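*Asks:* I would like the atomic coordinates for the input below:
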Amino acid sequence: MLKEIKLMKKTKVAFSALGALIGIGGAYATTHQVISGKVDINTYNWYTPDGQLAFRSTILPARSACPELVGYVCLRGTAQGIPNVTLFKR
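*Replies:* Here you go, the predicted structure:
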């Protein structure tokens, strides 16, 4: 009987530790999402500040297409189902 109680306590501790690991992993996954990986797969329609369609691509090529104007709006990206993006030249 004493062995069974010890085994039950060990099993309870093991499941508690497993639950804690799952909870910590879930919390980490929701707060530390890699945005750069997601951004690369989303294709946007890129518009100039005056509203003319410039081209269609992901964010990385759009960043390299911006002129060297510091602090000005360079391009605005729109895509269905995801938030719009505005690129400023650094």
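
*Asks:* contacts, neighbours, all on C-alpha from now
*Replies:* Noted.

*Asks:* what part of the chain, helix or strand, is modelled with the least confidence?
*Replies:* helix 35-41 (a mean of 56; mean pLDDT, DSSP states H and E).

*Asks:* now the helix or strand just after that helix: average pLDDT?
*Replies:* Using DSSP states H and E, the next helix or strand after helix 35-41 towards the C-terminus is strand 44-47. Strand 44-47 carries an average pLDDT of 91.

*Asks:* again, but for stretch 13-24
*Replies:* Looking at stretch 13-24 alone, the average pLDDT works out to 70.

*Asks:* and what of stretch 76-90?
*Replies:* Regarding stretch 76-90, the rounded mean pLDDT is 83.

*Asks:* in it, which residues are buried?
*Replies:* Neighbour counts using 16 or more other Cα atoms under 10 Å place Arg76, Gly77, Thr78, Leu87, Phe88, Lys89 of stretch 76-90 among the buried residues.

*Asks:* using PDB, list the CA coordinates for the strand or helix carrying the first one.
*Replies:* Arg76 belongs to strand 73-79 when elements are defined using DSSP H and E. Output for strand 73-79, consisting of C-alpha atoms alone and laid out as PDB, is shown next (Å, rounded to 0.1, in the frame of the first residue of the first chain):
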ATOM      1  CA  VAL A  73       6.700  57.700 -46.400                       C
ATOM      2  CA  CYS A  74       8.200  55.500 -49.100                       C
ATOM      3  CA  LEU A  75       5.600  52.800 -50.000                       C
ATOM      4  CA  ARG A  76       2.300  51.600 -48.600                       C
ATOM      5  CA  GLY A  77       1.600  47.900 -48.900                       C
ATOM      6  CA  THR A  78      -1.900  46.400 -48.900                       C
ATOM      7  CA  ALA A  79      -3.000  42.700 -48.900                       C
END
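
*Asks:* that strand: what's the following helix or strand?
*Replies:* strand 82-88.

*Asks:* can you list contacts of that next one?
*Replies:* Here strand 82-88 makes contact (Cα atoms under 8 Å, 6 or more residues apart in numbering) with Arg63, Val70, Gly71, Tyr72, Val73, Cys74, Leu75, Arg76, Gly77, Thr78.
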